[in-house]
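Enquirer: Following is a predicted model, sequence given first.
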Amino acid sequence: MPDRRRRQLLHTQRLRRIFLNLSTDDGAHNRFIPFNAPPHSADRELFDERVLGMDADEAARFWIDQRIRGLQAPRTIPSAELAVRVVGKLPGAIAYVRASHLTAEVKALRIDGRAPGQAGYALS
């Protein structure tokens, strides 16, 4: 879960709000810009299940319903490498990728006080 902001701790519910495109900003009132992995990818399905609490079909139905109401889903980025480049360059951008894709330009976020690799990390 790379992000350029200094604050590196999120709670699962706040992360959920960010990726449901609900009004959420950081401590400096800068809006988060979420980016999703491609639909039906293993990373997307894990994220949707663990953070959004939806399987792939539920997530698809949810976003169809939201589009009808005028709310857009987060943009999809086709690869982890591109996601890391975008997050590294775009202030407020946030995406989820495997730890092996992280670079010096982005940092993994702690979720609910746990770092990637720790027991109980939301995206392990």
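Expert: Sure, I can see it.
Enquirer: Find the centremost residue of this structure, please.
Expert: Residue closest to the average C-alpha location in the chain (CA atoms, centre = their mean): residue 95, at 4.1 Å.
Enquirer: That residue is in contact with residue 77, isn't it?
Expert: Yes - Residue 95 is within contact range of residue 77, at 6.5 Å (criterion: CB atoms under 8 Å). Heads up, the C-betas are built off the backbone N, CA and C, glycines and all.
Enquirer: got any residues that touch both of those two?
Expert: Residues touching both residue 95 and residue 77 (CB atoms under 8 Å, 6 or more residues apart in numbering): 35, 36, 37, 83, 86.
Enquirer: residue ranges with poor pLDDT in this structure?
Expert: Applying pLDDT under 70 to the chain picks out residues 1-9, 25-29.
Enquirer: helices or strands up against the longest helix along the chain?
Expert: Selection of the longest helix in the chain by residue count, based on DSSP state H, yields helix 56-68. In terms of contacts (3 or more CB pairs under 8 Å, 6 or more residues apart in numbering; DSSP states H and E), helix 56-68 is packed against no helix or strand at all.
Enquirer: 10 Å instead?
Expert: For helix 56-68, the packing partners by 3 or more CB pairs under 10 Å, 6 or more residues apart in numbering; DSSP states H and E come out as helix 42-47.
Enquirer: Export only the CA atoms of the helix it packs on, formatted as CSV.
Expert: Taking Å, rounded to 0.1, in the frame of the first residue of the first chain, the C-alpha atoms of helix 42-47 are listed here in CSV:
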residue,chain,number,x,y,z
ALA,A,42,-5.7,-11.6,-7.2
ASP,A,43,-4.6,-8.3,-5.6
ARG,A,44,-7.9,-6.6,-6.3
GLU,A,45,-10.0,-9.5,-5.1
LEU,A,46,-7.9,-9.7,-1.8
PHE,A,47,-8.2,-6.0,-1.3
